[in-house]
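Peer 1: give me a model of this one.
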Amino acid sequence: MNYFTTSSANETAFTVSRLNSEIQQLLEASLPWILVEGEISNLARPASGHWYFSLKDDKAQIRCAMFKSKSSGVRFKPQNGDLVRLRANVTFYGPRGDCQLTVESMELGGEGALQQAYERLKTQLQNEGLFAQEHKKALPALPQRVAIITSPVGAAVRDIISTFKRRFPLTELTIIPSLVQGQEAAKNLTEQLLRIDASEHFDAIIIGRGGGSLEDLWSFNDETLARTIFNTKTPIISAVGHETDFTIADFVADIRAATPTAAAELLSPDTAQYLKSIQLQHNTLINHFERQLQQHQQKLDYLTQRMRHPSERISIQTDKLNALHNRLEQAVQRKIQQQSVTFTHQQQRLSNCNPQTTITKHQQNIKTIEQRLQQALTQTVENKKIRFANLMEKLNLVSPLNILSRGYAIPTKDKQVIRSINDVKKGDTLSIRVEDGEIECQATESSTL
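Peer 2: Here you go, the predicted model:
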């Protein structure tokens with residue numbers, strides 16, 4: 001049986017390489033760029049940065065390759081089982097006869113794709129502890145300078161400014177313009193946040209925008225922005241969307257405000273309440289001063305009652321002085337009278353006894369005693385002279401001066417007489433007493449006899 005359908009024996013047969021080349025040209029020409037949706041399987045991420053995987057549905061699959069220059073732009077980390085939408089072109093690798101997709105871009109596909117990416121990142125950061133309360137920084141009680149990172153033309157920035165003007169206009173507000181929507185928004189927000197935090201000029205930072213869809217708010221679900229918020233030193237309030245909108249930035253920030261207006265209210269004390277508090281403190285201070293004044297007035301009244309006028313004190317002291325003067329005069333008069341009586345009595349006794357005889361007798365006795373005393377004194381002086389002369393002669397025999405006059409000398413050290421060579425050391429300063437003075441010298445050598 002003949003299975004060949006060639007019409008001529010001269011027809012040229014295709015080589016395998018030519019056939020594959022024709023297939024490649026037909027495929028790549030007819031399908032230059034396509035959108036295809038399917039489930040990832042067999043995902044491989046080698047160190048080169050390229051991604052290799054299969055895209056499948058319930059009936060078929062096709063190989064895919066996404067090179068590093070393209071994979072670095074994907075905003076999520078794909079996993080096996082993810083439903084994705086790819087923009088790719090069909091390529092045919094001739095040497096192996098394989099058909100594959102070369103992927104240009106990738107995004108989550110199907111219903112709720114962004115929500116899946118949001119939940120995945122939220123779970124990851126929560127497990128890492130970025131949402132933990134112990135990492136939250138306290139807001140300043142009365143911030144003086146606040147930075148607002150948002151769109152300069154949106155309703156959010158107007159709401160924040162009007163709230164601060166209404167509640168506490170003294171706060172210095174600085175608008176930091178940034179994209180809040182689109183592909184470059186997350187990067188722009190991150191750069192502005194890093195710059196403001198590094199300046200250390202602001203007491204707090206508000207980052208946010210007005211409401212919108214999940215896709216509109218997606219810039220605030222960026223992982224890099226979330227980690228930047230977590231690592232900032234300045235307290236941050238996240239004010240993104242409406243009250244029902246929650247972003248990753250809300251969970252990482254120190255405080256999440258339901259709206260931009262609520263963020264401004266959190267940072268701005270109510271002027272009326274603030275003035276009321278000041279008035280209360282003012283009243284408390286006034287009451288305290290009044291109590292102190294009353295206490296001091298009472299003390300002054302008490303001291304005033306105890307204090308007397310100087311004229312009154314002088315009058316009292318004058319009376320005391322007059323009384324003492326009178327007592328002194330009376331005492332002197334009594335003393336004079338007593339002495340006068342005693343004198344009269346003694347004079348009477350003296351007149352009754354004439355002392356002239358007694359005086360004459362005693363005068364004679366005195367002369368006799370004087371003569372005897374003079375003789376005894378003269379004899380005693382002579383005896384003392386003789387004894388002194390004898391003592392002087394004996395003293396002269398043992399006197400050091402007499403010894404010195406014969407050529408002897410007396411050595412001393414520190415005013416102590418040297419009696420032995422053991423009392424002197426080499427280098428000691430000695431005093432040598434001779435008959436007519438002293439000689440200072442230094443010991444250089446000693447020897448025994």
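Peer 1: SS state for residue 100?
Peer 2: The three-state label given to residue 100 by DSSP: H, G, I helix; E, B strand; the rest coil is strand.
Peer 1: count of neighbours near it?
Peer 2: Using other CB atoms under 10 Å, residue 100 is surrounded by 18 other residues. Just so you know, the C-beta spots here come from the backbone N, C-alpha and C atoms, and that holds for glycine as well.
Peer 1: can I assume residue 196 is in contact with residue 145?
Peer 2: No: assessed by CB atoms under 8 Å, residue 196 is found out of contact with residue 145, at 10.6 Å.
Peer 1: these two: who's more crowded?
Peer 2: Shown here are residue 196 and residue 145; by other CB under 10 Å, residue 196 has more neighbours (21 against 13).
Peer 1: most remote residue from this protein's center?
Peer 2: residue 357 (110.7 Å; CA atoms, centre = their mean).
Peer 1: does it sit in a helix, a strand or a coil?
Peer 2: Going by three-state DSSP: residue 357 is helix.
Peer 1: from residue 38, how far off is it?
Peer 2: To residue 38, residue 357 is 171 Å away according to CB to CB, to the nearest Å.
Peer 1: what helix or strand is residue 54 on?
Peer 2: strand 51-56 (DSSP states H and E).
Peer 1: elements contacting that strand?
Peer 2: strand 34-44, strand 61-66 (3 or more CB pairs under 8 Å, 6 or more residues apart in numbering; DSSP states H and E).
Peer 1: for residue 191, the count of nearby residues, please.
Peer 2: 13.
Peer 1: chain center to the helix or strand bottoming out on mean pLDDT in the chain, what's the gap?
Peer 2: When the helices and strands of the chain are scored by mean pLDDT, DSSP states H and E, helix 400-405 comes last with a mean of 73. Its chain's C-alpha centre and that of helix 400-405 lie 86 Å apart, by CA atoms, centre = their mean, to the nearest Å.
Peer 1: could you point out which element follows that helix?
Peer 2: Past helix 400-405, the next helix or strand by DSSP H and E is strand 410-413.
Peer 1: same for that following strand, what does it pack against?
Peer 2: For strand 410-413, the elements it packs on are strand 429-434, judged by 3+ CB pairs under 8 Å, 6+ apart.
Peer 1: nearest residue to residue 425 other than its sequence neighbours?
Peer 2: For residue 425, ignoring the flanking residues on the chain, the nearest one in space by CB to CB, 6 or more residues apart in numbering is residue 443 at 7.0 Å.
Peer 1: helices along the stretch 1-150 of the chain, start to end?
Peer 2: Per DSSP state H, counting those that start in this stretch, the stretch 1-150 of the chain carries helices over the ranges 16-30, 68-71, 113-127.
Peer 1: just to revisit the earlier point, check contacts around the residue nearest to residue 425.
Peer 2: By CB atoms under 8 Å, 6 or more residues apart in numbering, residue 443 lies in contact with 424, 425, 426, 427, 428, 430.
Peer 1: hmm, which two among those are most spread apart?
Peer 2: 426 and 430 (11.5 Å; CB to CB).
Peer 1: who has more neighbours, these two?
Peer 2: A count of neighbours by other CB under 10 Å puts residue 430 above the other of residue 426 and residue 430, at 16 against 9.
Peer 1: quick check, the more buried one in contact with residue 444.
Peer 2: No: if you go by CB under 8 Å, residue 430 and residue 444 don't touch, sitting 10.6 Å apart.
Peer 1: so what's in contact with these two at the same time?
Peer 2: In contact with both residue 430 and residue 444: no residue, using CB under 8 Å, 6+ apart.
Peer 1: quick check: residue 344 vs residue 152, distance?
Peer 2: 128 Å.
Peer 1: next: residue 94.
Peer 2: Relative to residue 152, and taking CB to CB, residue 94 is found at 55 Å.
Peer 1: so which of the two has more stuff around it?
Peer 2: residue 94 (16 against 11).
Peer 1: ok, now which ones touch that one?
Peer 2: 17, 20, 21, 23, 24.
Peer 1: and the residues you listed, which is closest to residue 273?
Peer 2: residue 24 (76.0 Å).
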